[in-house]
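**Q** I would like to see how this sequence folds:
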Amino acid sequence: MSTAPGIHRLSPFVELDRLTWSRLSDEIELPLDEAEIESLRGLGDHLDADEVREVYLPLSRLLTLYDTAATALNNSTNQFLGQEHARTPFVIAIAGSVAAGKSTTARLLRELMARWPSTPNVQLVTTDGFLHPNAELERRGLMHRKGFPESYDRRALLRFVAEIKSGALEVRAPKYSHVTYDILPDEEVVVTAPDVVIIEGLNVLAPAKIGPDDRAALALSDFFDVSIYVDARTQDIERWYVERFQQLRHGAFADPDSYFHRYASLSDEEAEEVATDIWRRINEPNLVRNVRPTRGRAQLILSKDSDHSIRRVLLRKN
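**A** Residues are numbered from 1 along each chain as shown. The predicted model follows:
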């Protein structure tokens, strides 16, 4: 439906172009050097000092302001109740497609937020650790749907986040290996009394699944203080995925222990064909059916251009 002349379409988001957003960092000093930025950059991602300064530095400052506001609200609530309850960790969710760059965003925000005095202890957890083990996925016939919502142990993930927001001093999560492409049975990720927890994953913004055994259905997002969606055009993400697959042949896939070692010897043409097939059979359908529909549930959307750089920021109005 078209909008009549002179009438602006209302939106729950404030939309800021790259230049406008970048001005928010004019008086903030960049705390990372080039070597540190390079160590955080994911394979195939565009990330340099300008991108960090203009996009992620003001974002980290905004998130610390939200954290400070949460502390003030907790203090006001305690005063109202006449009781003293410690504030629970501030939880940030980061969602988006495979190959969109959400892992780089998560790592970068962890480092930047940890440099602010109010949030020195920032811990990062990916939802990969809550995938069912490969043996269980095989048993359920879900190996070809790894990354789809049904491939995760949803109840364990919900318990994990609920314990964090309940103020538990120590919370444990399974650990995932991108080499073996499976859960490591004897290893765990331990989250210990953090100021901030960043939870990164494909489906973290999915709504509650209501079924016959869900008497009080909860969504992960019920426990988030802020949520971020890393967005890009589908054709760009597909290209990034294929390019990353090509690079991995000479990196992680070359490891004999890698689940994908069989792809290391492919020619460029064969690798492009395999990567495109995997994308179109698995990752694109998951993006279209399950991941992208959750974009509008985020408080903040980082919209990327074809070179991985952020071209605009959408911030939900309060």
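**Q** List the contacts of Pro185.
**A** By CB atoms under 8 Å, 6 or more residues apart in numbering, the residues touching Pro185 are Pro133. The C-beta positions use only the backbone N, C-alpha and C, and glycine is treated the same way.
**Q** Let's verify it: helix, strand, or coil?
**A** strand (DSSP: H, G, I helix; E, B strand; the rest coil).
**Q** what helices or strands is the least confident helix or strand in the chain by mean pLDDT leaning on?
**A** Using mean pLDDT, DSSP states H and E, helix 34-40 stands out as the lowest-scoring helix or strand of the chain, at a mean of 86. Packing contacts for helix 34-40, counted by 3 or more CB pairs under 8 Å, 6 or more residues apart in numbering; DSSP states H and E, involve helix 102-114.
**Q** Next secondary structure element downstream of the helix it packs on?
**A** Following helix 102-114 in sequence order, the next helix or strand is strand 122-126 (DSSP states H and E).
**Q** Report the angle between that following strand and helix 102-114.
**A** 170 degrees (axes from the mean of the first three to the mean of the last three CA atoms, to 10 degrees).
**Q** correct me, but Leu157 touches Leu131?
**A** No. The criterion here is CB atoms under 8 Å, and Leu157 misses it with Leu131 at 9.7 Å.
**Q** Show me which positions of the least confident helix or strand of the chain end up buried.
**A** Ile37, Leu40 (16 or more other CB atoms under 10 Å).
**Q** Tell me the gap between the helix or strand just after that helix and the middle of its chain.
**A** Heading C-terminal from helix 34-40, the first helix or strand you meet, by DSSP H and E, is helix 49-51. Distance of helix 49-51 from its chain centroid, counting by CA atoms, centre = their mean, to the nearest Å, is 20 Å.
**Q** now stretch 275-282
**A** Taking the mean of its C-alpha atoms, stretch 275-282 sits 21 Å from the chain's own mean (CA atoms, centre = their mean).
**Q** ends of it, how far apart?
**A** Across stretch 275-282, the terminal residues are separated by 10 Å (CA to CA, to the nearest Å).
**Q** tell me the mean pLDDT for that stretch?
**A** Here stretch 275-282 scores 96 as its mean pLDDT.
**Q** Equivalent analysis for stretch 57-71, please.
**A** For stretch 57-71, mean pLDDT rounds to 95.
**Q** How about residues contacting it?
**A** 21-22, 24-25, 28, 30, 87, 90, 92, 109, 112-113, 115-116, 118-119, 195-196, 225-226, 300, 302, 313.
**Q** do stretch 173-182 as well
**A** Identification of contacts with stretch 173-182 by CB under 8 Å, 6+ apart yields 125-126, 128-131, 133-134, 156, 160, 183-184, 187-191, 252, 255, 257-260.
**Q** can you do 7 Å?
**A** 125, 128-131, 133-134, 160, 183-184, 187-189, 252, 255, 257-259 (CB atoms under 7 Å, 6 or more residues apart in numbering).
**Q** cool, stretch 92-101 as well?
**A** 42, 45, 63, 102, 105-106, 147, 196, 198-202, 204-205, 221, 224-232, 237, 240-241, 244, 283, 287, 291, 294, 298, 304, 308.
**Q** where's that stretch relative to the chain centroid, distance-wise?
**A** Counting by CA atoms, centre = their mean, stretch 92-101 comes out at 4 Å from the chain centroid.
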